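A.B. asks: I'd like to go over a predicted model; first the sequence, then the structure.
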Amino acid sequence: MERKTKINAEDGRQDLVITREFDLPVDLLFRAYTEPEIVEQWMGTKVLKLENQQHGGYQFETSNAEGTVVFRANGCIHEFVPEKRITRTFEMENAPLGIQLEFLEFEPLSEDTSRLIMQVVYRSEKHRAEQLKLPFSYGVNMAHDRLEQIVSKLK
Amino acid sequence: MNLRRDVFQAIADPTRRAILLLVAAQSMTAGAIAANFDTARPTVSKHLQILTECELLQQEQQGREIYYHFNPKKMKEVADFIEPFRKMWDDRFNKLEAIMKKYKSKK
């Protein structure tokens, strides 16, 4: 079964909604967000800090082969309800995107399937446009390719 | 890259979006377009210039008049701009799903 990721970015709004159905029970989907070793694998970044609790925070960092940091992100966790919801901020450091507010809702669909609904709120419509354009930009594509290489080497 | 940035700037403005909708329905002269807005004529001209520069609109000389046409091909390109972002998340989630299949549910 193909489970495609959907993005809903309505005109004139400063948020977007990412929806994805998984061939996984909701507890495994949730675990993918809470265990640092697992987050590292699918996000392709190093997890420096991940405090799964209200008032907790997290920090991600990615370095290239030469050891130069190419990506850093951090955020605060506001709500943490196991297998249900994570509300957190997200900030990509040294990027013109501003700080985002993320609402992650984890829902069971059946015993073996689940859905993630992620609403991302940006400071303005313009900030959202910057984010959407980002994967277009050469530099990010390069970084992404490099990430893929690093990840495939880990396997 | 510059061109692309212009397209996004072009559609970020509500007046320019309204102009695109108007012209998409029917090719029009600058005067006819301006008549639909309270905005000053030079402002509308500026909007038309931006939309033309980034190829969302095309000009065509008909006698003494210049008509503006909508360029659906360029608009399609803009509609597709979300696709790389979606693909990035789809790849990530595919990876997540593949990794988690190796784990056992506690239920």
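C.D. replies: Thanks, I have the structure now.

A.B. asks: only C-alpha atoms for contact and neighbour calcs from this point on.
C.D. replies: Noted.

A.B. asks: pull the helix or strand with minimum mean pLDDT from chain A.
C.D. replies: Every helix and strand in chain A was compared by mean pLDDT, DSSP states H and E; the lowest is helix A:138-154, with a mean of 50.

A.B. asks: what is the burial count for residue B:99?
C.D. replies: Residues lying near residue B:99 (other CA atoms under 10 Å in any protein chain shown) number 15.

A.B. asks: and it, helix, strand or coil?
C.D. replies: Put simply, residue B:99 is helix when judged by DSSP: H, G, I helix; E, B strand; the rest coil.

A.B. asks: which helix or which strand is home to residue A:83?
C.D. replies: Using DSSP states H and E, residue A:83 sits within no helix or strand.

A.B. asks: give me the neighbour count for it.
C.D. replies: Per other CA under 10 Å, the neighbour tally for residue A:83 reads 18.

A.B. asks: could you do residue B:35 as well?
C.D. replies: Residues near residue B:35, counting by other CA under 10 Å: 12.

A.B. asks: mind listing what it touches?
C.D. replies: If you count contacts by CA atoms under 8 Å, 6 or more residues apart in numbering or on different chains, residue B:35 has none.

A.B. asks: ok, the most centrally placed residue in chain A to residue B:30 distance?
C.D. replies: The centroid of chain A falls nearest to residue A:43 when counting by CA atoms, centre = their mean (7.3 Å). Distance of residue A:43 to residue B:30, computed by CA to CA, to the nearest Å: 50 Å.

A.B. asks: now swap in residue B:88 and tell me
C.D. replies: From residue B:88 across to residue B:30, the span is 41 Å (CA to CA).

A.B. asks: quick one: which of the two has more around it?
C.D. replies: The neighbour comparison of residue B:88 against residue B:30 (other CA under 10 Å) goes to residue B:30, with 17 against 14.

A.B. asks: got the phi/psi numbers for residue B:11?
C.D. replies: Backbone torsions of residue B:11, given as degrees, to the nearest 10, read phi -80, psi -10.

A.B. asks: I'd say it and residue B:21 touch.
C.D. replies: No - counting by CA atoms under 8 Å, residue B:11 does not reach residue B:21; the two are 11.0 Å apart.
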